[in-house]
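J.: this one's sequence-less:
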């Protein structure tokens, strides 16, 4: 069964005054199976961020619907939305992921603290996760004391500590150098291998080649799809070529 | 004209950051108006011809000197606060290829415009309110009630020269800051203030010892000579202690809270405690200043009230009214001066923290904190930060009563209970004013954090 199904999603922004309409998403449909790692690509303005915001329940669609785990996300009452997000979704963004006022450990604990978990459960959950993401030695450091790649790994740990149904990542490698990007994508691959469903929005064909399937969006429509075949290099090249053929996009 | 583009840029800058410039403008104008009124009363011929007028006048002159010192100090303090926050903007100019001398020229024109506006507004308000204030003084000092209020040109020159000099020095300081700095450093300097507090325990201990010492000096003061001699040293000790305690003490207490895992990792406490510890190093001096200003208001007003009413009931002469009416009058003016500054500092704190916290709250919402909880967290943080100074100021004022009573005793026989009534009344009114200021400025925080 598909864990996430997006059906004819449409988003039109209407300006408050003047009534000028901008279509961010025209008609987008796709499904993500449990345990899949899917990347969404497209140039800026293609509607990627709008899509992610709707999936994150931070924004509402103007047409179509999003079913997560069999539930229509638009029908979640405002009051429950925050809790729903905490229980079912994990987020990693491009930057501003961590609060400077907390150590990495406390940042990772944040969703659990908000969920009212006890301290012992938190400790038990963080140990294997920190080891997996290789940040065990950094847990007592503050965000401004570690590198960008380490910050993103801590952000991933925070997203994963609630064992979410779906991990949403918005340009997670956007602010990283190529080595840290590769390392992070490698870890995303491993986490996915362990059974975590991941949906990632990215600009970079190289980062996208960590995913099993790449969806390309253009002008608010799903352009085409590339699936993993052959080695990583040729896969990445195929993604880049398709992207260029569909129009725009960076090859990096 | 060669200066036109710089002038235009200066105008645009000030309009764009009007959220900080309008309060600054208002506060500076209030200070200017107060100075012009006091200068006019002290230098003009309105009072000096009356009976006992000379006493009142020398009283006002003395008050004016002290006022000049305080006003200058606060104007520097607020200016340096404002200019520090603009470091990033100046850095951006540098990156865009705007030379330092060109940026300095923009800063110069901003200074000129502010100076003209403040002096103009201050003199205007001073002129409009001068008559009413004069009536108040006449009533308090029981001087000839039918005397006329006149504006002395000398006092206007004095005000213009004094504020002109303050703005000149501030503008030179601002230009110097722009001149000596490099673009990249400037871009970074806004965030570098947020470091962890050091030497927490020693600070807390030194603060406690100093405060204990000062309280003991005040409460054990047995005669007026002793109290008069040690009043200023005790004030100094309290100021130092307040600064140390707000930094060391607050971080030490929050550290203890953090140590208890059950308390710290609780959804109600986690975010506020983390935020407070992080911000304390920056917060501490601002909070200590707010606390000291509040104490000054409380002590000045209750002392002058006690002098006036306590003495009045003890029986009095014309000379008495001239002197103590003058003191009471100055007391009110100092209270307005301190209150204006306190409000401004609180306002700037709220706005700057709201701006800093905006990203953090956006993140918390995404991680699954609902709007209600975000509000609760903000409230808790803001409440602790703003009511701690009030509570400490009330403690300082109560402790000062020992010395104040002895000092009052040096001037006139006075029942100690008068002082307590005056302290109580002043504290009640002040607490209300403080709450109003808090309410008004916390709105500024929310808008900035949204």
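T.: Done, it's in. Computed from a predicted model, the values in this text were never measured in an experiment.

J.: Tell me which stretches of the stretch 251-400 of chain B form strands.
T.: Assigned by DSSP state E, counting those that start in this stretch, the stretch 251-400 of chain B shows no strands.

J.: tell me the contacts of the nearest residue to residue A:41 once chain neighbours are set aside?
T.: Nearest non-adjacent residue to residue A:41, counting by CB to CB, 6 or more residues apart in numbering or on different chains: residue A:216, 5.1 Å away. Yep, even glycine has a C-beta here, placed from its N, CA and C like the rest. Applying CB atoms under 8 Å, 6 or more residues apart in numbering or on different chains to residue A:216 gives the contacts A:40, A:41, A:42, A:222, A:223, A:224, A:225, A:226, A:242, A:243, A:246, A:249.

J.: Buried subset of these, written for ChimeraX?
T.: In ChimeraX, this line selects whichever of those come out buried by 16 or more other CB atoms under 10 Å in any protein chain shown:
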select /A:40,41,42,222,223,226,242,243,246,249
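
J.: Quick check: strands, which of the contacts of residue A:216 are part of them?
T.: Per DSSP state E, strands hold the following members of the contacts of residue A:216: A:40, A:41, A:222, A:223, A:224, A:225, A:226.

J.: Up against chain A, what does chain B have?
T.: Applying CB under 8 Å from any CB of the partner chain, one finds that chain B approaches chain A through B:194, B:196, B:261-262, B:265-267, B:270, B:274-275, B:277-279, B:359-360, B:362-371, B:373.

J.: Which ones among these lie within helices?
T.: Using DSSP state H, the subset of the residues of chain B next to chain A located in helices is B:261-262, B:270, B:274-275, B:277-279, B:359-360, B:362-367, B:371, B:373.

J.: Could you double-check that residue B:109 lies in contact with residue B:6?
T.: Yes: proximity of residue B:109 to residue B:6 meets the contact threshold set by CB atoms under 8 Å, at 5.3 Å.

J.: Show me the residue of the stretch 101-250 of chain A that gets nearest to chain B, please.
T.: Nearest residue of the stretch 101-250 of chain A to chain B: residue A:101, at 3.5 Å (CB to the nearest CB).

J.: how near is the residue lying closest to that residue once chain neighbours are set aside to residue A:59?
T.: Distances taken as CB to CB, 6+ apart place residue B:278 nearest to residue A:101, at 3.5 Å, with adjacent residues excluded. Between residue B:278 and residue A:59 the computed distance is 30 Å (CB to CB, to the nearest Å).

J.: related to what we said a few turns ago, with distance to residue A:142 added, can I get the ones in strands among the contacts of residue A:216 in CSV?
T.: Shown next, in CSV, are the ones in strands among the contacts of residue A:216 (distance: CB to CB, whole Å):
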residue, distance to residue A:142
A:40, 32
A:41, 34
A:222, 41
A:223, 42
A:224, 44
A:225, 42
A:226, 40
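
J.: sorry, back to before: the residue of the stretch 101-250 of chain A closest to chain B - that's part of a helix, no?
T.: No: in this structure, residue A:101 is coil, not part of a helix, as judged by DSSP: H, G, I helix; E, B strand; the rest coil.

J.: got the phi/psi numbers for it?
T.: Main-chain dihedrals, residue A:101, degrees, to the nearest 10: phi -80, psi 0.

J.: hang on, the earlier thing: separate out the buried members of the residues of chain B next to chain A.
T.: The neighbour count (16+ other CB under 10 Å) marks B:265, B:267, B:270, B:274-275, B:277-279, B:360, B:363-370, B:373 as buried among these.

J.: Report the contact partners of the residue in chain A positioned nearest to chain B.
T.: Residue nearest to chain B within chain A: residue A:86 (2.8 Å; CB to the nearest CB). Applying CB under 8 Å, 6+ apart, we find residue A:86 in contact with A:111, A:114, A:115, A:162, B:367, B:368.

J.: Redo these as JSON lines? Include distance to residue B:234.
T.: Formatted as JSON lines, the contacts of residue A:86 follow (distance: CB to CB, whole Å):
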{"residue": "A:111", "distance to residue B:234": "51"}
{"residue": "A:114", "distance to residue B:234": "47"}
{"residue": "A:115", "distance to residue B:234": "51"}
{"residue": "A:162", "distance to residue B:234": "55"}
{"residue": "B:367", "distance to residue B:234": "49"}
{"residue": "B:368", "distance to residue B:234": "52"}
